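**Student:** Whatever this is, show me its structure:
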Amino acid sequence: MLTGRLTRWRGPGDDAGFTLIELIISIAVLGVLVTAVAAAMFTALGTDKTTDARLSESRDLQTAASYLADDVAGAQSFAVSGTAECGSDPLLLELRGQQFNNSSLATSEVVITYVLRSATVDGAASRVLHRLTCEGATTASLAQTGDVTVARLISTTVNPTVACKNAAGGTVSCGDASAATVSVDVTSRSGDLTARLTGHRRTS
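**Tutor:** You can find the predicted model right below:
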């Protein structure tokens with residue numbers, strides 16, 4: 001003897017639909033899935049922004065390293081304190097030398113000064129490394145001829161440090177006549193990257 005209740009089989013043409021319980025369960029599962037997918041998307045976007053920031057800071061430091069290496073190679077003397085010969089900013093590093101002018105067949109004084117200035121870059125506080133160039137027939141007649149931004153994303157809390165060594169590798173004052181190598185330690189704005197920018201003087 002059969003007991004219980006017989007239920008009608010739902011065929012292809014049956015439009016009885018879903019029960020209320022089935023709909024509630026479906027909505028609950030869908031909410032969990034949407035939350036998980038949204039969290040994964042936000043994590044991926046955050047990772048992309050962090051990666052982009054590090055790449056920008058890395059390019060900044062590489063550009064600065066390239067400029068400094070070329071400038072130090074042709075310098076005759078260095079300065080890291082005192083009154084800047086080129087510009088009015090407090091100097092981070094100043095490189096002094098001469099160049100030969102093919103048109104006038106005469107030498108002229110050239111001073112390249114690296115300075116830091118505060119600025120807002122991409123909506124955040126930053127320090128920007130500028131390369132100022134001054135030229136003149138004599139030191140007294142120097143005039144600024146260039147201002148190039150070599151790095152835009154420098155730390156606002158960690159100050160760069162400058163050190164000099166002689167040809168034998170001994171640490172000396174940057175103002176010393178024997179100084180042959182200059183190193184500038186720089187920290188990126190995020191604090192995640194540090195770099196030592198180094199240049200070697202060709203002449204003594």
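**Student:** Confirm L197 sits in a strand?
**Tutor:** Yes: the assignment for L197 (DSSP: H, G, I helix; E, B strand; the rest coil) places it in a strand.
**Student:** Can you tell me how far it is from T120?
**Tutor:** As for L197, its distance to T120 is 24 Å (criterion: C-beta to C-beta, to the nearest Å). Backbone N, C-alpha and C define where each C-beta goes, glycine included.
**Student:** Mind checking what secondary structure the residue most central in space within the chain has?
**Tutor:** The centre of the chain sits closest to E57, judged by C-alpha atoms, centre = their mean, with a distance of 2.4 Å. Assigned by three-state DSSP, the conformation of E57 is helix.
**Student:** Over to Y67?
**Tutor:** What three-state DSSP gives for Y67 is helix.
**Student:** Next up, the contacts around the closest residue to it other than its chain neighbours.
**Tutor:** Excluding the flanking residues, the one nearest Y67 by C-beta to C-beta, 6 or more residues apart in numbering is V150, at 4.8 Å. Contacts for V150 (C-beta atoms under 8 Å, 6 or more residues apart in numbering) come out as 63-64, 67, 114, 129-131.
**Student:** from memory the residue nearest to the centre of the chain sits against S190, does it?
**Tutor:** Yes: at 6.3 Å, E57 and S190 qualify as touching, with contact defined as C-beta atoms under 8 Å.
**Student:** Break down the chain into its helices, ranges please.
**Tutor:** Using DSSP state H, the helices found in the chain span residues 20-73.
**Student:** mind listing the strands for it?
**Tutor:** 77-79, 91-101, 106-121, 124-136, 143-154, 161-165, 171-172, 181-187, 194-200 (DSSP state E).
**Student:** Now do the first one, average pLDDT.
**Tutor:** What that stands for is strand 77-79. For strand 77-79, mean pLDDT is 92.
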